[in-house]
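Trainee: Coordinates for the following, if possible.
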Amino acid sequence: MSAAAHGRQAAILTATSFAPDVEVRSRGYRIGAIGAGMIMSECHLAAYKEAGFTVAAIASRTKAKAQAVADRWGIPTVHDTPEALLEDESIEIVDLAYPPDQQPDLIRKAFRQPHIRGILAQKPLALSLDEAIALRDEAKAAGKILSVNQNMRYDQSMRVARQIIDSGALGEIVFAQIDMHAIPHWQPFLKDYDRLTLSNMSVHHLDVLRFLLGEPTEITTQTRRDPRTTFDHEDGITVSTLRFASGALAVSLEDVWSGPRQEGYEDDQHIGWRIDGTKGVAKGTIGWPTGAASTLTFAATEATAGRWVTPTWDTMWFPHAFIGVMEQLQHAIETGAEPALSVADNVRTMALVEAGYRSIAEGRTVRLSEISTNR
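Mentor: All right, here's what the predicted structure looks like:
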């Protein structure tokens, strides 16, 4: 199976056996931020400030908005346009928080700048798998490191879950699920796309299931419209069932309806997750959208002597996970190693999303072998 070393004898594990947050190994590069919306202003820049990363410049579609964010976070340079920032020879890393229909053009311009060594792009990387594959290949040809911001891998509960799996404590993984009942803030530009939840929300969960369990071999996705989303869409509420090469099954559920919202109705939005193995179980919650830290508890027949163990931490998915996302890119530049969130790996997540859309369109299970990433 993927990350699980279930054949090993598990060591005795305690609540302090794990590293929920990354160690910052590399922080010496000058970052240029493109975008001044919520994800940049509330997550990226908050995380970078805490980690001591150098954000040297910012630009957005509206200079006044970029200036306001720069004033808030002490960013010394505000460029008139994203293109002008890309041409700033002092910038070594570009951090993009831009719509996926406009992101590829900026990435390609970054490829042409000799001074830019790395690019951190948002997910989805592009609006199609073909475009993502093209960007992967163009990054390699340009000698640039392109990384994709799959930040849920750096959520503290997901990192510890992976460490538990890797220890062998859960044995062979039998089943996993991510169960979301929460209302996303759909960005206005999404109304112009023909893809919604699977591409823009499920992509977190499908990617983190790959991170935990390895490569899926097939996916079946069903969907219905979300009664609350007023613009035209097909994939509102989505349910995907995955089978992995190990034999494990997993379910990714995105209930973006999650019940009525009106005065007097008690909001119960939440995201839960569970991993069942032959020797134990890990389960927990994701802090978004409640503004709390994610949680995890686990029990294993050998590694915890059957008792439930509950590691804790004070950090959160938003914004602290974004430290790990930018750190892994800086470390790749510094060492020449492949980034943990490489574009090549992200293309495989994009292929899984594409297979999900094919499953919706054709009403059947789709094998990942049907979706080619060799173009």
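
Trainee: who's in contact with the nearest residue to residue 208 once chain neighbours are set aside?
Mentor: The shortest distance from residue 208 to any non-neighbouring residue, by C-beta to C-beta, 6 or more residues apart in numbering, is to residue 152 (4.7 Å). From N, CA and C alone the C-beta is placed, and that goes for glycine too. Residues counted as contacts of residue 152 (C-beta atoms under 8 Å, 6 or more residues apart in numbering) are 158, 204, 205, 207, 208, 286, 317, 321.

Trainee: export the residues you listed to CSV and tack on distance to residue 266 and neighbour count?
Mentor: Output for the contacts of residue 152, formatted as CSV (distance: C-beta to C-beta, whole Å; neighbours: other C-beta atoms under 10 Å):
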residue, distance to residue 266, neighbour count
158, 28, 26
204, 26, 25
205, 25, 25
207, 32, 24
208, 29, 25
286, 20, 28
317, 24, 23
321, 29, 25
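
Trainee: Adding secondary structure, distance to residue 251 and pLDDT as columns, could you present those residues in CSV?
Mentor: Listed next are the contacts of residue 152 as CSV, based on DSSP: H, G, I helix; E, B strand; the rest coil; distance: C-beta to C-beta, whole Å; pLDDT from 0 to 100:
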residue, secondary structure, distance to residue 251, pLDDT
158, helix, 16, 98
204, helix, 15, 98
205, helix, 10, 98
207, helix, 15, 98
208, helix, 13, 98
286, strand, 15, 97
317, coil, 21, 96
321, helix, 23, 98
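
Trainee: Could you single out the nearest of these to residue 293?
Mentor: Residue 293 lies nearest to residue 317 out of those, by C-beta to C-beta, at 8.2 Å.

Trainee: picking up where we left off before, doesn't the residue nearest to residue 208 belong to a strand?
Mentor: No: counting by DSSP: H, G, I helix; E, B strand; the rest coil, residue 152 is not found in a strand; it is helix.

Trainee: What is the nearest of the contacts of residue 152 to residue 240?
Mentor: residue 205 (8.2 Å).

Trainee: Hmm, residue 252 and that closest one touching each other?
Mentor: Yes: with contact defined as C-beta atoms under 8 Å, residue 205 counts as touching residue 252 (4.3 Å).

Trainee: Which of the three states applies to the closest residue to residue 191 other than its chain neighbours?
Mentor: Among residues not flanking residue 191 along the chain, residue 231 sits closest, at 3.8 Å (C-beta to C-beta, 6+ apart). Of the three states, residue 231 takes coil under three-state DSSP.

Trainee: what's the following helix or strand after the helix or strand bottoming out on mean pLDDT in the chain?
Mentor: Least confident helix or strand, the chain: helix 38 with a mean of 95, by mean pLDDT, DSSP states H and E. Downstream of helix 38, the first helix or strand assigned by DSSP states H and E is helix 45-51.

Trainee: Which strands and helices lie in contact with that following helix?
Mentor: helix 63-73, helix 321-335 (3 or more C-beta pairs under 8 Å, 6 or more residues apart in numbering; DSSP states H and E).

Trainee: which of the residues in whichever strand or helix holds residue 285 are buried?
Mentor: Assessed by DSSP H and E, residue 285 sits inside strand 280-286. For strand 280-286, a neighbour-count test (16 or more other C-beta atoms under 10 Å) marks 280, 281, 282, 283, 284, 285, 286 as buried.

Trainee: got the buried residues for the lengthiest helix in the chain?
Mentor: Criterion DSSP state H: the longest helix present in the chain is helix 343-362. Buried residues in helix 343-362, counting neighbours by 16+ other C-beta under 10 Å, are found at 343-357, 359-360.

Trainee: Following that helix in sequence, what is the next regular element?
Mentor: strand 366-367.

Trainee: show me where the stretch 201-350 of the chain has strands.
Mentor: Taking DSSP state E, counting those that start in this stretch as the criterion, the stretch 201-350 of the chain carries its strands at 216-224, 237-244, 249-255, 270-277, 280-286, 295-300, 308-309.

Trainee: how about these, which one is nearest residue 89?
Mentor: strand 280-286 (40.3 Å).

Trainee: packing partners for that closest one?
Mentor: Counting by 3+ C-beta pairs under 8 Å, 6+ apart, strand 280-286 packs on helix 156-167, strand 270-277, strand 295-300.
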